[in-house]
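Novice: Any chance you can model this:
(2 chains)
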Protein chains: 2
Amino acid sequence: MVWLQKLFTKTGSDDNLEANNYERDWVSLDPEKFGNTKIYFSTHEQIDLYELEELCDSVGWARRPLRKVRKALEHSYLVVSAWEVKGTKKTMIGFARATSDHAFNATIWDVVIHPRFQNKGLGKVLMKYMIRKLRSDDISNVTLFADPQVVDFYRRLGFILDPEGIKGMFWYPD
Amino acid sequence: MVWLQKLFTKTGSDDNLEANNYERDWVSLDPEKFGNTKIYFSTHEQIDLYELEELCDSVGWARRPLRKVRKALEHSYLVVSAWEVKGTKKTMIGFARATSDHAFNATIWDVVIHPRFQNKGLGKVLMKYMIRKLRSDDISNVTLFADPQVVDFYRRLGFILDPEGIKGMFWYPD
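Specialist: Predicted structure coming up:
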């Protein structure tokens, strides 16, 4: 069992943050912010599509056909979920996924943290967890498309805007 | 056999441009620009990695390990190659690929046209071919990361820069 330690302390490092497949990677939490809450990350936890929809509802995202969501998850290179555990009950409180060519590039999509757990540093740990996993697979180009209100969040994680003038572009029908 | 017609005429439409799997999709060429050259696109043509490397060399890209290139091609959702045919000999003169979650998002990578065929409209047709294929698979969000010198090229194809302030970002190690 791997502990994601020291991520909430200013002087800590994340050297012992490791993506450990098929395991529950427990997050070491600041009791002042989280009380008795227990949270783990997983790359292989079964995702209930209705529970994922509920999580996306909680942050106001537009609903998407579950058939397509299922397909997208099946064809994502990496799917990370975050779970709160209370007794024998677990609740999905965070999610992110990435597409990839398994070699050079990965693109991160659908990063979401339940509002109850926002502004506590959990999104940051989730992203570090994803990056660590992608880097451990020797994928060097980790990209994403950031909404304006989260550009600074990603910048603080080391993401760079338009490096060397490279621009993100979207195609829409004429 | 599908002809990609009228794409080089100002008044033409590309309504009969269709991505037809397992087929050679012949490009209708302006004889003033192309002479007797015959060119086809394919989504399933066998790619010789050394020939692809040569094509990438021709536009000055940094070389990449062939082992990783093979893996990237295997795990790309769409790989399009363009071929010049002379008698019984065919030469790869263009290439592009896309990663995707098969449902919502696709990201286009590694778009290259051999310098002998640049500035003749072929890159435009290649991109339209890719978009058409992705759209026919009901993928609504077609994205890419454009170097500064090709931003206008993609803009003319209908790609939009930072729509609603969404920014492309890249992660680099600290």
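
Novice: For the rest of this, base every contact and every neighbour count on C-alpha atoms.
Specialist: Will do.

Novice: Let me know the secondary structure of residue A:97.
Specialist: Secondary structure, DSSP: H, G, I helix; E, B strand; the rest coil: residue A:97 is strand.

Novice: swap in the one 10 residues further on?
Specialist: When the structure is reduced to helix, strand and coil (three-state DSSP), residue A:107 reads as strand.

Novice: you'd agree residue A:143 is up against residue B:169?
Specialist: Yes. Residue A:143 lies in contact with residue B:169 (Cα atoms under 8 Å); the separation is 5.6 Å.

Novice: Enumerate the residues of chain A near chain B.
Specialist: A:68-69, A:71-76, A:99-104, A:141-148, A:151, A:158-174 (Cα under 8 Å from any Cα of the partner chain).

Novice: PyMOL command for the buried members of these?
Specialist: Of the residues of chain A next to chain B, the buried ones go into a single PyMOL selection, burial set by 16 or more other Cα atoms under 10 Å in any protein chain shown:
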select buried, chain A and resi 68+69+72+73+75+76+99+100+101+102+103+104+141+142+143+144+145+146+151+158+159+160+161+162+166+167+168+169+170+171
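
Novice: From chain B, how far off is the residue nearest the centre of chain A?
Specialist: Nearest residue to the geometric centre of chain A (Cα atoms, centre = their mean): residue A:96, 3.7 Å. Taking Cα to the nearest Cα, to the nearest Å as the measure, residue A:96 falls 13 Å from chain B.

Novice: check contacts around that residue.
Specialist: Applying Cα atoms under 8 Å, 6 or more residues apart in numbering or on different chains to residue A:96 gives the contacts A:79, A:80, A:81, A:108, A:109, A:110, A:111, A:112, A:126.

Novice: which among those residues end up buried?
Specialist: A:79, A:80, A:81, A:108, A:109, A:111, A:112, A:126.

Novice: Would you verify that the first one is located in a strand?
Specialist: When you say that, I think you mean residue A:79. Yes. Assessed by three-state DSSP, residue A:79 belongs to a strand.

Novice: longest single helix anywhere in chain A?
Specialist: Secondary structure assigned by DSSP state H gives helix A:122-136 as the longest helix of chain A.

Novice: could I have that helix exported to PDB, CA atoms only?
Specialist: Taking Å, rounded to 0.1, in the frame of the first residue of the first chain, the C-alpha atoms of helix A:122-136 are listed here in PDB:
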ATOM      1  CA  LEU A 122      -6.900  17.300  -3.500                       C
ATOM      2  CA  GLY A 123      -7.000  18.300  -7.200                       C
ATOM      3  CA  LYS A 124      -3.300  19.100  -7.100                       C
ATOM      4  CA  VAL A 125      -2.500  15.700  -5.700                       C
ATOM      5  CA  LEU A 126      -4.800  14.000  -8.200                       C
ATOM      6  CA  MET A 127      -2.900  15.800 -11.100                       C
ATOM      7  CA  LYS A 128       0.500  15.000  -9.600                       C
ATOM      8  CA  TYR A 129      -0.700  11.400  -9.400                       C
ATOM      9  CA  MET A 130      -1.600  11.400 -13.100                       C
ATOM     10  CA  ILE A 131       1.600  13.100 -14.200                       C
ATOM     11  CA  ARG A 132       3.700  10.700 -12.200                       C
ATOM     12  CA  LYS A 133       1.900   7.700 -13.800                       C
ATOM     13  CA  LEU A 134       2.300   9.100 -17.300                       C
ATOM     14  CA  ARG A 135       5.900   9.900 -16.700                       C
ATOM     15  CA  SER A 136       6.600   6.500 -15.300                       C
END
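
Novice: residues of that helix that come out buried?
Specialist: Buried-residue list, helix A:122-136, by 16+ other Cα under 10 Å: A:122-134.

Novice: count of neighbours near residue A:150?
Specialist: 12 (other Cα atoms under 10 Å in any protein chain shown).

Novice: Please settle this for me: is it part of a helix?
Specialist: Yes. Residue A:150 sits within a helix when classified using three-state DSSP.

Novice: Per-residue pLDDT of it, please?
Specialist: Looking at residue A:150, its pLDDT reads 96.

Novice: And it, how far from residue A:161?
Specialist: 12 Å (Cα to Cα, to the nearest Å).

Novice: for residue A:86, same thing?
Specialist: Residue A:86 is 39 Å from residue A:161, by Cα to Cα.

Novice: do the same with residue A:134
Specialist: 20 Å.

Novice: those strands in chain A, which residues are they?
Specialist: Shown for chain A, the strands assigned by DSSP state E span residues A:3-4, A:25-27, A:38-42, A:78-86, A:89-100, A:105-113, A:141-146, A:159-161, A:167-171.

Novice: Any buried residues in stretch A:86-94, and which?
Specialist: In stretch A:86-94, counting by 16+ other Cα under 10 Å, buried: A:92, A:93, A:94.

Novice: All set, thanks.
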